[in-house]
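Visitor: sequence? don't have it. structure:
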């Protein structure tokens, strides 16, 4: 019964929080409207998102978010240096195949997003079976090292969070 | 606004300006579409992030209240930037498949971009680097 009214409880909480932040004011009317949106939107979108992942470890999620934010800052500086100070001929772009141990679609989505936001890599495609990720590197003299770094730094952490 | 508050906001704005500029330079300078994709997805995130932080600090110092809108903008940006980049990369690969030597998937299946649209990929075992019927027709 509860599952039918609230298919994604966390999504409901998130929607109420986002609505309150959008209005920038906490009043009973706003919370009521936010609550209504938080119930209607998950119901409408539930067919596109049949099963939700089991989130167990909030401490690990916080750690992961902080790690990614830090890496984004570092990535910006690294890529800025490569763009401004390296000649185009010296850049060594490369395609890297990252075999995935993750199976849940949510986890793969987060990994692909993280790869795009962090140092010099853009996730470009997924294999038809969803078990390998195609990553383009702006400057990778050693593509194997890049692949191993993605797997050890991000994928193992996501595996602990989602599976 | 005290001097130290102005200094904080100014530093944030300068950082934002520098990274926005570098992202634009990359867009002009880099030689190839897949490489140009790197410039806006990264340099601009910190550029926009710096401007948003400056705006937040400004609201805090001048108006004396915490502003959540900037936080929302950065969340939406973090959600949409990778998806946009992924779509652009996929569309580009799809149209210029013959120009790239993609590595094998290692799973026996082609890259999703080269797979048939109906999802039945059992017969699709040829490497994606070979031109398929789609590009041959072109």
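Guide: Good, I have the coordinates. Predicted model, so just to flag it, every value in this text is computed and none were measured.
Visitor: Stretch A:71-78 close to chain B?
Guide: Yes - residues of stretch A:71-78 are located near chain B by C-beta under 8 Å from any C-beta of the partner chain, namely A:72-73, A:75-76. The way it works is simple: take the backbone N, C-alpha and C, and place the C-beta from them, glycine included.
Visitor: Just the mean pLDDT for stretch B:34-52, thanks.
Guide: Average pLDDT, stretch B:34-52: 81.
Visitor: is that stretch anywhere near chain A?
Guide: Yes - Stretch B:34-52 is in contact with chain A by C-beta under 8 Å from any C-beta, via B:34-35, B:37-39, B:41-43, B:45-46.
Visitor: Give me the distance from the longest helix along chain A to the chain's centre.
Guide: Assignment by DSSP state H gives helix A:58-85 as the longest helix of chain A. Centroid separation for helix A:58-85 versus its chain: 13 Å, with C-alpha atoms, centre = their mean, to the nearest Å.
Visitor: try stretch A:156-163
Guide: With C-alpha atoms, centre = their mean, you get 12 Å for stretch A:156-163.
Visitor: Going through the residues of stretch A:71-78 next to chain B, which ones are buried?
Guide: The neighbour-count criterion (16 or more other C-beta atoms under 10 Å in any protein chain shown) marks A:72, A:75-76 among the residues of stretch A:71-78 next to chain B as buried.
Visitor: Counting neighbours, what do you get for the closest residue to residue A:64 other than its chain neighbours?
Guide: Counting by C-beta to C-beta, 6 or more residues apart in numbering or on different chains, residue A:64 lies nearest to residue A:157, which is 5.3 Å off, once chain neighbours are set aside. Using other C-beta atoms under 10 Å in any protein chain shown, residue A:157 has 18 neighbouring residues.
Visitor: what's the answer for residue A:41, then?
Guide: Going by other C-beta under 10 Å, the residues that sit close to residue A:41 add up to 15.
Visitor: Which helix or strand contains the spatially closest residue to it that is not a sequence neighbour?
Guide: Closest residue to residue A:41 apart from its sequence neighbours, by C-beta to C-beta, 6+ apart: residue A:15 at 5.8 Å. In this structure, residue A:15 sits in helix A:9-23 according to DSSP states H and E.
Visitor: Quick check: buried residues in that helix?
Guide: For helix A:9-23, burial by neighbour count (16+ other C-beta under 10 Å) applies to A:11-12, A:15-16, A:18-21, A:23.
Visitor: Pick the one among the residues you listed closest to chain B.
Guide: residue A:21 (3.7 Å; C-beta to the nearest C-beta).
Visitor: That closest one contacts residue B:74, doesn't it?
Guide: No - in this structure, residue A:21 is not within contact of residue B:74 by C-beta atoms under 8 Å, at 11.6 Å.
Visitor: dump the residue contacts of residue A:125.
Guide: If you count contacts by C-beta atoms under 8 Å, 6 or more residues apart in numbering or on different chains, residue A:125 has them with A:133-134, B:89-90, B:93, B:111-113.
Visitor: my hunch is that it is in a helix, does that hold up?
Guide: No - residue state for residue A:125 (DSSP: H, G, I helix; E, B strand; the rest coil) corresponds to strand; a helix is not indicated.
Visitor: Contact partners for the closest residue to it other than its chain neighbours?
Guide: Setting aside the residues directly before and after it, residue A:125 is nearest to residue A:134 in space (C-beta to C-beta, 6+ apart), at 4.1 Å. Applying C-beta under 8 Å, 6+ apart to residue A:134 gives the contacts A:95-98, A:123-127, B:102-103, B:105, B:111.
Visitor: and if you look at residue B:25?
Guide: Taking C-beta under 8 Å, 6+ apart, we find residue B:25 in contact with A:83-84, B:39.
Visitor: For residue A:29, give its distance to chain B.
Guide: Remark: distance between residue A:29 and chain B (C-beta to the nearest C-beta, to the nearest Å) = 17 Å.
Visitor: residues near that residue, how many?
Guide: For residue A:29, using other C-beta under 10 Å, the count is 9.
Visitor: From residue A:110, how far out is it?
Guide: Per C-beta to C-beta, to the nearest Å, residue A:29 is found 35 Å from residue A:110.
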